[in-house]
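1. Let me see the structure of the following:
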Amino acid sequence: MSAQHPIACIYRPMTPADLPAAHELSMRLKWPHRLEDWALMQRSFKGFVALEGEQLIGTSFACPQGAFATIGLVIVDPDYQGQGIGRALMELTLSACAASTPILNATVAGALLYTTQGFVEFGTVEQRQGLAGAVALEPLAPDEECRTLGAADFPRQIALANAGSGMDRHAILSHLQDTVVHSAGIVRDGQLQAFALLRTAGRGHCIGPVIAQNPEQAKHLIAALLARIPGQFVRIDVSVDSGLCEWLGLAGLECVISVTQMALGTPPQPRGDVRQFALISQAMG
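-> Next up is the predicted model:
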């Protein structure tokens, strides 16, 4: 039975001291986030908690990215759901987005709340995961080559990530540098044209973002990174219109859940000749 609505429910910014309880809450809901994943979010973005007395019963984050802000890790303790706590957390989080357009990835249950707050759907993302297996490399164009990225490539990574996502990714990719274990980039005429990152997260590894000009480049980058971690757990979040879903299934990465992309306003659009084929994460977009 759900608890009575906590009369003394307190809402405030998240602090490092809240991280163990937030991690425990996510584990109760079988979310895969590690304590390290929570710590990265807390030190990098604007987090909020709901408390009944000393008990943490809800969380949320706003991740500002220029003209847009992603919202994620909106969690309410199952014993307190349906009592307005999620809505109150969302109101705080939306305020933290300031003038930025909020976007998020919603579960079926969450989408009902967000629709009442004015969010509209603009796409679907599949969470795919499994054990990394050997996948044949998709052929590149004759004038393209794939290589590991170096520090000198970072400014170009930012430019490509900004164009592919339609958001300002400088801060978010800077925060993620310590989690990157491998990288792959496609170069033509000496200039980086596409890239993908393999990072530690969740139950093992995740691939994202993947920024490329076409599905062939994206597949080549993903296959190159999978080859780095044979037999290890990996997750990737891709849009259903990416052209990658069937191929990822053949690579052993099965769809475990689909989420709805939603925006409170006009969603971001890719610019130029690149697009984002895989998210950084559902919380960060």
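2. What ranges does the stretch 151-285 of the chain have for its helices?
-> Under the criterion DSSP state H, counting those that start in this stretch, helices of the stretch 151-285 of the chain are mapped to 154-165, 170-176, 215-226, 245-250.
3. Identify each buried residue in the last one, please.
-> Which is helix 245-250. For helix 245-250, the neighbour count (16 or more other CB atoms under 10 Å) marks 247-248 as buried. All C-beta atoms are positioned from the backbone trio N, CA, C, and that covers glycine.
4. That one - contacts with which helices or strands?
-> strand 120-131, helix 215-226, strand 233-239 (3 or more CB pairs under 8 Å, 6 or more residues apart in numbering; DSSP states H and E).
5. make it 10 Å
-> strand 120-131, helix 215-226, strand 233-239, strand 254-263 (3 or more CB pairs under 10 Å, 6 or more residues apart in numbering; DSSP states H and E).
6. what does the third one give?
-> Identification of packing neighbours for helix 215-226 by 3+ CB pairs under 10 Å, 6+ apart yields strand 144-147, strand 180-188, strand 191-201, strand 204-212, strand 233-239, helix 245-250, strand 275-278.
7. returning to what we had before: out of the helices of the stretch 151-285 of the chain, which is the most enclosed?
-> Among the helices of the stretch 151-285 of the chain, helix 215-226 has the highest mean neighbour count (mean count of other CB atoms under 10 Å), at a mean of 23.
8. Next, the angle from that helix to strand 191-201.
-> Calculated by axes from the mean of the first three to the mean of the last three CA atoms, to 10 degrees, helix 215-226 forms an angle of 40 degrees with strand 191-201.
9. how far off strand 180-188 does helix 215-226 point, in degrees?
-> Going by the same axes, to 10 degrees, helix 215-226 makes 150 degrees with strand 180-188.
10. Please export the C-alpha coordinates of helix 215-226 as CSV.
-> The C-alpha trace of helix 215-226 is given here as CSV (Å, rounded to 0.1, in the frame of the first residue of the first chain):
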residue,chain,number,x,y,z
PRO,A,215,24.3,4.6,-41.5
GLU,A,216,27.3,2.9,-43.2
GLN,A,217,29.7,5.2,-41.2
ALA,A,218,27.7,4.6,-38.0
LYS,A,219,27.8,0.8,-38.4
HIS,A,220,31.6,0.9,-39.1
LEU,A,221,32.2,2.9,-36.0
ILE,A,222,30.0,0.7,-33.8
ALA,A,223,31.6,-2.5,-35.1
ALA,A,224,35.1,-1.1,-34.5
LEU,A,225,34.2,-0.4,-30.9
LEU,A,226,32.4,-3.7,-30.3
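11. how far does it sit from the chain's center?
-> Averaging C-alpha positions (CA atoms, centre = their mean, to the nearest Å) puts helix 215-226 19 Å from its chain's average.
12. how about stretch 25-44: buried residues?
-> Taking 16+ other CB under 10 Å as the criterion, stretch 25-44 shows 25-26, 32-34, 37-38, 40-42, 44 as buried.
13. and the end-to-end length of that stretch?
-> 20 Å (CA to CA, to the nearest Å).
14. Check stretch 204-220 too.
-> 21 Å.
15. just stretch 266-284 next, same as before
-> 17 Å.
16. That stretch - what's its average pLDDT?
-> Average pLDDT, stretch 266-284: 96.
17. In that stretch, which residues are buried?
-> 267-268, 274-284.
18. of those, closest to residue 130?
-> Closest approach to residue 130 among those (CB to CB): residue 278, at 14.6 Å.
19. hey, what's the residue lying closest to the closest one once chain neighbours are set aside bridged with?
-> Closest residue to residue 278 apart from its sequence neighbours, by CB to CB, 6 or more residues apart in numbering: residue 210 at 3.8 Å. With DSSP bridges as the criterion, residue 210 is bridged to residue 196, residue 278.
20. hang on, the earlier thing: now mean pLDDT too, for the helices and strands packed on helix 245-250, in a markdown table please.
-> Shown next, in a markdown table, are the helices and strands packed on helix 245-250 (pLDDT from 0 to 100):
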| stretch | mean pLDDT |
| --- | --- |
| strand 120-131 | 97 |
| helix 215-226 | 97 |
| strand 233-239 | 97 |
| strand 254-263 | 96 |
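21. So for residue 20, which of the ones you listed sits nearest?
-> The nearest among the helices and strands packed on helix 245-250, by CB to CB, is strand 233-239 at 23.4 Å.
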